[in-house]
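1. A structural model of the following input is requested.
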Amino acid sequence: MAKNRGAVVIDTERCKGCQLCKEACPSKVLNMNIDANSKGYHYAYMEAAEACTGCASCAYVCPDACITVYRVKN
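-> Next up, the predicted model:
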(Lines give C-alpha, C1' and ligand atoms only; values in the text may rest on other atoms or scores of the structure.)
Protein backbone atom coordinates (compact mmCIF):
# COMPACT_ATOMS: atom_id res chain seq x y z
CA MET A 1 0.00 0.00 0.00
CA ALA A 2 1.35 3.41 -0.97
CA LYS A 3 1.94 5.91 1.80
CA ASN A 4 0.44 9.35 1.34
CA ARG A 5 2.64 12.40 1.64
CA GLY A 6 1.21 15.80 2.27
CA ALA A 7 2.05 19.43 1.89
CA VAL A 8 0.47 22.22 3.91
CA VAL A 9 0.21 25.72 2.46
CA ILE A 10 -0.67 28.46 4.94
CA ASP A 11 -1.82 31.95 4.00
CA THR A 12 0.48 33.67 6.48
CA GLU A 13 -1.28 37.03 6.21
CA ARG A 14 -4.63 35.51 7.22
CA CYS A 15 -3.24 33.34 10.02
CA LYS A 16 -3.91 34.80 13.46
CA GLY A 17 -1.70 32.36 15.38
CA CYS A 18 -4.46 30.60 17.32
CA GLN A 19 -2.43 27.33 17.32
CA LEU A 20 -5.47 25.12 16.74
CA CYS A 21 -3.79 23.58 13.69
CA LYS A 22 -0.65 22.82 15.69
CA GLU A 23 -2.68 20.99 18.34
CA ALA A 24 -4.81 19.10 15.79
CA CYS A 25 -1.86 17.70 13.82
CA PRO A 26 -1.35 14.03 14.75
CA SER A 27 2.14 14.00 13.21
CA LYS A 28 3.29 17.20 14.95
CA VAL A 29 4.24 18.78 11.62
CA LEU A 30 3.22 22.37 12.37
CA ASN A 31 4.75 24.94 14.67
CA MET A 32 4.50 28.68 15.15
CA ASN A 33 6.99 30.96 13.40
CA ILE A 34 9.05 33.42 15.44
CA ASP A 35 8.45 36.01 12.70
CA ALA A 36 5.16 37.88 12.65
CA ASN A 37 2.88 38.79 9.77
CA SER A 38 1.81 42.38 9.02
CA LYS A 39 -0.90 42.17 11.71
CA GLY A 40 1.62 41.14 14.37
CA TYR A 41 0.57 37.50 14.69
CA HIS A 42 3.05 34.62 14.82
CA TYR A 43 1.80 32.39 12.00
CA ALA A 44 1.98 28.62 11.57
CA TYR A 45 4.49 26.89 9.29
CA MET A 46 5.56 23.34 8.40
CA GLU A 47 8.43 22.48 10.74
CA ALA A 48 8.64 18.76 9.95
CA ALA A 49 7.45 18.58 6.33
CA GLU A 50 8.70 15.01 5.83
CA ALA A 51 6.27 13.75 8.50
CA CYS A 52 3.11 15.19 6.89
CA THR A 53 0.63 12.55 5.73
CA GLY A 54 -1.87 14.99 4.23
CA CYS A 55 -4.63 14.11 6.69
CA ALA A 56 -5.94 17.73 6.59
CA SER A 57 -6.79 17.81 10.31
CA CYS A 58 -5.12 21.22 10.47
CA ALA A 59 -7.30 22.61 7.68
CA TYR A 60 -10.51 21.28 9.26
CA VAL A 61 -9.93 23.08 12.56
CA CYS A 62 -8.66 26.39 11.15
CA PRO A 63 -11.31 29.02 11.97
CA ASP A 64 -10.04 31.38 9.27
CA ALA A 65 -9.72 28.79 6.46
CA CYS A 66 -6.16 29.87 5.73
CA ILE A 67 -4.77 26.32 5.34
CA THR A 68 -4.72 24.27 2.15
CA VAL A 69 -3.49 20.67 2.19
CA TYR A 70 -2.21 18.82 -0.85
CA ARG A 71 -1.82 15.04 -0.97
CA VAL A 72 0.57 13.05 -3.17
CA LYS A 73 0.90 9.26 -3.33
CA ASN A 74 4.45 7.92 -3.21
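2. what's the closest non-adjacent residue to residue 12?
-> residue 43 (4.4 Å; Cβ to Cβ, 6 or more residues apart in numbering). No exception for glycine: its C-beta is placed from N, CA and C like everyone else's.
3. okay, residue 1: pLDDT?
-> Listed pLDDT for residue 1 reads 51.
4. partners of the nearest residue to residue 54 once chain neighbours are set aside in the sheet?
-> Nearest non-adjacent residue to residue 54, counting by Cβ to Cβ, 6+ apart: residue 6, 2.6 Å away. Beta-bridge pairing of residue 6 under DSSP bridges involves residue 71.
5. so who does residue 6 touch?
-> Contact analysis of residue 6 by Cβ atoms under 8 Å, 6 or more residues apart in numbering lists 52-56, 69-72.
6. buried among those residues? Make that a ChimeraX selection.
-> In ChimeraX, this line selects whichever of the contacts of residue 6 come out buried by 16 or more other Cβ atoms under 10 Å:
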select :52,53,54,55,56,69
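7. now do stretch 61-74: everything it contacts.
-> Against stretch 61-74 from outside (Cβ under 8 Å, 6+ apart): 2-11, 14-16, 18, 20-21, 23-24, 44, 54-56, 58-59.
8. whichever of those end up buried, select them in ChimeraX.
-> Buried residues within these, by 16+ other Cβ under 10 Å, are selected in ChimeraX with:
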select :5,6,8,10,15,16,20,21,24,44,54,55,56,58,59
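9. verify the stated contact: residue 57 with residue 24.
-> Yes: with contacts counted by Cβ atoms under 8 Å, residue 57 reaches residue 24, the gap being 4.5 Å.
10. what sits against residue 7?
-> 46, 49, 52, 54, 69-70, 72.
11. dump those residues to TSV, plus secondary structure.
-> Formatted as TSV, the contacts of residue 7 follow (DSSP: H, G, I helix; E, B strand; the rest coil):
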residue	secondary structure
46	strand
49	helix
52	coil
54	coil
69	strand
70	strand
72	strand
